[in-house]
Structures are given as C-alpha cells and as structure tokens.
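S.K.: Compute the structure for the input listed below.
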Amino acid sequence: MLLKGACLRMLNKYEYAIIWLDKVLVTDPKNVFSLSDKGECLRLMKQYDKSEKDLQLALSINPNHTFSLDMLVNCLYQMSQNYYILQNQQKYFRALIYYERKLKFNPNDQWIKIKRNFVSRNRNNESQIIQQKNQNYIIIKGFSIKIFFYKL
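M.R.: Model (predicted):
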C-alpha cells in the first residue's frame with residue numbers, strides 16, 4: 001500500500017495517493033514514510049497547513065528523516081513565497097529553524113541557503129511593515145508609500 005501511494009504521488013494523482021497512504025497509517029500510525037509522502041501530496045495540492053502538520057509529525061517520530069525535513073523546508077518555502085507565512089511572524093522563525101536543521105545535514109546545500117535568505121529577508125520586511133504602521137506608511141517589496149488621511 002505504501003508503494004502504491006508513493007507511485008500515485010509520482011504520477012500526480014495526489015488524492016488517490018492520500019487514500020492509499022491513509023490506509024497504511026490506519027495499520028501503522030507512526031509510519032514515517034507514509035506521513036512524509038502524504039505531507040508532500042498535501043503540499044503539492046497547496047494544503048500547506050495540513051502538509052506542515054503531517055511532516056512535523058513524521059519528524060517528531062524520526063528527527064533524522066531527511067526526506068521529511070526536505071519536504072517541510074519546501075512547504076515552508078512555498079508558504080513564504082505565496083506570502084501565506086506573512087500572517088504569522090512565528091512561522092518565519094520556525095522556517096528558519098528548519099532551514100538551519102537541513103543545513104546541519106548538508107552545509108553546502110546552496111538551494112537551502114537561498115531559500116533561507118529569502119525567508120529571512122521577508123521576515124525583516126514584515127518587521128518593517130509592523131514598525132511603520134504607526135507612522136501611516138506601507139512598505140511593499142521595498143517601496144514605501146505614504147498614506148494620507150483627510151478629514152471631511
């Protein structure tokens with residue numbers, strides 16, 4: 001069942017893959033491979049919260065499972081690219097923690113370094129937005145716009 005779920009994921013049949021992976025999880029709820037494959041399917045279906053939950057569960061069972069760590073890093077990166085992560089400052093911090101964990105396994109992984117820098121830069125931009133809201137400014141991707149309020 002696990003292999004069928006993995007094959008369906010590779011064939012982009014994510015809904016069917018999740019069904020088969022869930023069957024494995026019914027019999028073995030701590031199957032790290034099923035959890036990570038299911039998390040990857042959910043990520044590819046843009047269900048980032050569910051994906052993050054399953055991948056973190058897999059990592060809680062086996063903290064050294066690099067596939068789960070890779071998929072979680074990808075999930076958090078996509079969340080940040082879609083500005084989904086901007087809703088919660090703590091998600092930036094968590095994303096950076098997972099990037100650092102991934103770099104411990106492979107310190108020369110340039111792709112992870114690029115993604116880590118992207119999230120770090122967005123975190124700093126979000127902090128600037130929060131700091132300047134009281135000054136009636138909005139910063140969008142490095143541009144500053146003054147907002148005027150007129151009384152009628």
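
S.K.: for the protein, what spans make up the strands?
M.R.: Under the criterion DSSP state E, strands of the chain are mapped to 137-140, 143-146.

S.K.: Let me see the mean pLDDT of the first one.
M.R.: Strand 137-140 shows a mean pLDDT of 44.

S.K.: show me the contacts for Ala58.
M.R.: Ala58 makes contact with Val32, Leu35, Ser36, Gly39, His65, Ser68 under the criterion C-beta atoms under 8 Å, 6 or more residues apart in numbering. From N, CA and C alone the C-beta is placed, and that goes for glycine too.

S.K.: Just the ones of those residues in helices?
M.R.: Judged by DSSP state H, those include Val32, Leu35, Ser36, Gly39, Ser68 as members of helices.

S.K.: nearest to Ser51, of those?
M.R.: Here the nearest of the ones in helices among the contacts of Ala58 to Ser51, counting by C-beta to C-beta, is Gly39; it sits at 4.7 Å.

S.K.: Would you enumerate the residues in contact with the closest one?
M.R.: For Gly39, the contact set (C-beta under 8 Å, 6+ apart) comprises Lys50, Ser51, Glu52, Lys53, Asp54, Leu55, Ala58, Ser68, Met71, Leu72, Cys75.
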